[in-house]
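*Asks:* fold the following and give me the result.
(chains A and B)
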Amino acid sequence: MTEEKKPEERKKRRTATEAASRIGPMVKAMVGEVMQAKEEKKPIAYSFICCCYDEIIRAMDIVPHWVENYAGICGAKRDAQRFLERAEAENFSRSLCTYALCGLGFDAWREELGEMPPESPWGGQVRPTMMLGSGQMLCDPRNKWFQAAQHYMPDIPVYDLGLPWPPYESDYDYRQVQDYYVKYIVEELKGLVQFLEKHTGKKMDWERLNQLVELTDKTWNLIWETYELRRAVPSPMGTGDAMNTMVPIVFMMGTQQAYDFFQDLNKELKQKIANKEGEVPDEKYRLLWGGGLPAWFALGDFNYFNSKGAVFPVETTYRMIEAIYNFDMDLTKVTDPLEHIAWRWVKFWTYWHDRARKRPGSHPDVERLIKYFEDYKIDGIVMHEAFSCRSWHPGLIWQLNLLKKVYRDIPSLVLESDIVDISSYNEADTRARIDAFIDTLEAVKR
Amino acid sequence: MVYVAGVDIGSVFSKVVVMAKGEIVSHHIMPSGGNYKLTAEEVAKKALTKAKLSFKDIDYIVATGYGAANASFANEVVTDLSCQGRGVSYLFPSVRTVIDIGGQFTRVFRVNERGKVTAFLQSEKCAAGSGRFLQVIAKVLQIDLKDIGKLSLKSKNKVDFNTGCAVFAESEAISRIAEGALKEDILAGLHRTLAAKIQSLVERVGLEPDCAVVGGGAKDIGLVSSLEESLASKLLLPEEPQIVTALGAALLAEEKAASIKVTNLKGG
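*Replies:* Numbers count the residues shown, from 1 in each chain, chains lettered A, B, ... in the order given. Reported below is the predicted structural model:
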């Protein structure tokens, strides 16, 4: 049995926007709603972010429990170690994804006790009705996580959804193959709907699904327009806040609440811009958070950057939307909701392909960095390498090297730790690196 | 006469440089130990005693390094990277790339003609890329750290290591000893492993000549030789590589003292 350990004291991060400060209570309410759903015997699905099925499960009144979010909450509360250790005691390697380890450790413990582990953050992670895996090119543990969780919950059914997209190749146009990908995804989504109907005993409400798909498109456009406001000098909102405002993007998509949240944020940012109110009073350096999930237990580092006059007007992390009207096709003409979702998915992941083909040797991820660098008047790039993420983080340094090769040498800083595992983090070292990076920015600026 | 001092409280060693008129008057190096505050005072006192000075003779003090905050007598704290850039440029104005092998980390950075750092990279927080790696192995082989370099150069048959991790390398070194490998061959093999790690940092930053190597690890001539071999480049080596950061701090202190004097004159 893993010994319970008291979490370390948590330092609360200051937010620049009022909207971002509302996120904490919103997440707490979201976790509470799952608890409530459990009591009311509503179907609950373990879910992954960026999974294509947001609108589908909401149209069927299935309540999502976002497992990555819960692991992030444990990390942010500096209370993940006991769950990680529990997973290790179950023979899972510490070098696996720590979101998965935290979730599996929690599940193993809860199933052994027959109740929530003691003092579980925000009440805990409930036993679900089903688990919806989402195997895709972004993150491979999603194929196996829920299968592993079935060791502890063998009665809980899993549906593993495959969501590919055309990979980038410089010598062919992805449009030659995009139809195949869409067809494949639609079949996967149809299978999901059948699975959900079987396990809930309820039929899909296709009209409602259509409405939610439309709402999601509208929300994507609004988010894009809102985030573009951050181009302003001084920038009214930074990545620290965006690590809060990602919540409606990835956990509430397909809800009116997400749309309303971004309407409020949009209004707030416009007001700040009109008042020339920046994230910091004296903006000296504009930085791009060029990749990597944040160290959830160390979000205060964004305030440390701020204390040096550095702001992050833009980030690639969690900006999992584009303006639908910027796609190279009219998505409004795709009226079948499953096809619509599949096309939106493929168009999002191929959005930067054309730009990359125009610059010899480039890559879509690098083109995105270049576009943001130019649009947001960026001075330097910061990335975070989380040691336990082997699917998304290993290419970050390669991106920086390629950026230097095909574009220019931009001052960069790579921070190292993890998303959840606090033992990987050293505050003094991290801040010394930030200090040194600020020195280099100053030297390059002069 | 205007005297200034640069104080570098590093994770393993602390160093102080006392300067006057752009020349080094004295310096002192000692282990940082477990109490940075006491060490900071002691290392400064020793450097001042060598220069036949006391604290009251010093016009300005810049502190830097891992434990800089503990040098409460300093007028200012500056990042160690800025100090290093300054110190290296003072010694070698032609240098554009610097490899700093410290006790905790290895760092590679580029400097411009004004000694300003324009890009940098630091090794991971594990011991494998730093001087700590050498300390661990010296202990296993029961030899003095300062003798490692000389001994390794006698090697005729470098031992291959299968790991870049200091912990695994320690057990691998023990296995090699058991197999009868010579100490010099083990050391030369470890130098090659460490040099390969540092080389990958250099490649990421980009090697622009001239390149200098500083920090405590630069006192290991075997490691420097391995690095020159891996980088296929001649490296510039300061006479006392361990005090470069403190020297840079002293140079910044000198500038600061001069600017204060000018301000006072103008004000007066």
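*Asks:* what sits against the closest residue to chain B within chain A?
*Replies:* Of all residues in chain A, residue A:443 sits closest to chain B, at 3.4 Å by Cβ to the nearest Cβ. (Glycine included, C-beta is placed from N, CA and C.) Neighbour list for residue A:443: B:85, B:112, B:114, B:116, B:117, B:118 [criterion: Cβ atoms under 8 Å, 6 or more residues apart in numbering or on different chains].
*Asks:* find the nearest non-adjacent residue to the second one, please.
*Replies:* Of all residues not flanking residue B:112 in the chain, residue B:118 sits nearest, at 5.5 Å (Cβ to Cβ, 6 or more residues apart in numbering or on different chains).
*Asks:* the fifth one now?
*Replies:* Take residue B:117 and drop its neighbours on the chain: the residue closest to it by Cβ to Cβ, 6+ apart is residue B:85, 4.3 Å away.
*Asks:* buried sites along the helix or strand where the residue of chain A closest to chain B lies?
*Replies:* Using DSSP states H and E, residue A:443 falls within helix A:427-445. Within helix A:427-445, the residues scored as buried using 16 or more other Cβ atoms under 10 Å in any protein chain shown are A:429-444.
*Asks:* now do the same for that helix: mean pLDDT, whole number.
*Replies:* Helix A:427-445 shows a mean pLDDT of 88.
*Asks:* same question, stretch A:35-52
*Replies:* Per-residue scores along stretch A:35-52 average to 95.
*Asks:* can you get me the start-to-end distance on it?
*Replies:* From its first residue to its last, stretch A:35-52 covers 24 Å (Cα to Cα, to the nearest Å).
*Asks:* contact partners for the closest residue to residue B:76 other than its chain neighbours?
*Replies:* Excluding the flanking residues, the one nearest residue B:76 by Cβ to Cβ, 6+ apart is residue B:62, at 5.3 Å. Residues near residue B:62 by Cβ under 8 Å, 6+ apart: B:4-7, B:74-78, B:83, B:249-250, B:252-253, B:256.
*Asks:* now with 10 Å?
*Replies:* Residues counted as contacts of residue B:62 (Cβ atoms under 10 Å, 6 or more residues apart in numbering or on different chains) are B:4-8, B:68, B:71, B:74-78, B:82-83, B:86, B:246, B:248-257.
*Asks:* that one and chain A: what is the separation?
*Replies:* According to Cβ to the nearest Cβ, to the nearest Å, residue B:62 stands 14 Å off from chain A.
*Asks:* ok, back up a step: number of nearby residues for the residue nearest to residue B:112?
*Replies:* 20 (other Cβ atoms under 10 Å in any protein chain shown).
*Asks:* tell me the secondary structure at it.
*Replies:* Following DSSP: H, G, I helix; E, B strand; the rest coil, the label given to residue B:118 is strand.
*Asks:* which ones are touching the residue nearest to residue B:117?
*Replies:* Contacts of residue B:85 by Cβ under 10 Å, 6+ apart are A:436, A:439-440, A:443, B:79, B:95, B:98, B:109-112, B:114-118, B:120, B:244-245, B:248.
*Asks:* buried subset of these?
*Replies:* Buried among the contacts of residue B:85 (16+ other Cβ under 10 Å): A:436, A:439-440, A:443, B:79, B:95, B:98, B:109-111, B:115-118, B:120, B:244-245, B:248.
*Asks:* mind showing which ranges of the chain have poor pLDDT?
*Replies:* Since you didn't name a chain, this refers to chain A. Within chain A, the stretches with pLDDT under 70 are A:1-13.
*Asks:* you looked at the wrong chain, it should be chain B
*Replies:* In chain B, residues with pLDDT under 70: B:124-130, B:163-168, B:262-268.
*Asks:* near chain A, which residues of it show up?
*Replies:* Residues of chain B found near chain A (Cβ under 10 Å from any Cβ of the partner chain) are B:11, B:65-69, B:77-85, B:104-105, B:107, B:109-112, B:114-126, B:203-206.
*Asks:* recalculate using a threshold of 7 Å.
*Replies:* B:79, B:81-82, B:112, B:116-120, B:122, B:124-125, B:204 (Cβ under 7 Å from any Cβ of the partner chain).
*Asks:* measure the residue lying closest to residue B:144 once chain neighbours are set aside to residue A:60 for me?
*Replies:* In space, and not counting its chain neighbours, residue B:144 is closest to residue B:138: 7.0 Å by Cβ to Cβ, 6+ apart. Per Cβ to Cβ, to the nearest Å, residue B:138 is found 66 Å from residue A:60.
*Asks:* same question, residue A:31
*Replies:* For residue A:31 relative to residue A:60 (Cβ to Cβ), the value is 21 Å.
*Asks:* what sits against residue A:309?
*Replies:* A:280, A:282, A:283, A:284, A:285 (Cβ atoms under 7 Å, 6 or more residues apart in numbering or on different chains).
*Asks:* let's see that with 10 Å instead.
*Replies:* For residue A:309, the contacting residues are A:280, A:281, A:282, A:283, A:284, A:285, A:438, A:441, A:442, by Cβ under 10 Å, 6+ apart.
*Asks:* what about the third one, which helix or strand?
*Replies:* Applying DSSP H and E as the criterion places residue A:282 outside every helix and strand.
*Asks:* apart from its chain neighbours, what residue comes closest to it?
*Replies:* residue A:309 is the one closest to residue A:282 (Cβ to Cβ, 6+ apart), at 5.5 Å.
*Asks:* so which residues of the chain form strands?
*Replies:* With no chain named, the answer covers chain A. A:44-47, A:63-66, A:130-136, A:158-163, A:285-289, A:310-315, A:380-386, A:412-417 (DSSP state E).
*Asks:* not quite, I wanted chain B
*Replies:* Using DSSP E, the strands of chain B run over B:3-9, B:13-20, B:23-31, B:58-64, B:76-77, B:97-101, B:106-111, B:117-122, B:211-214, B:235-236.
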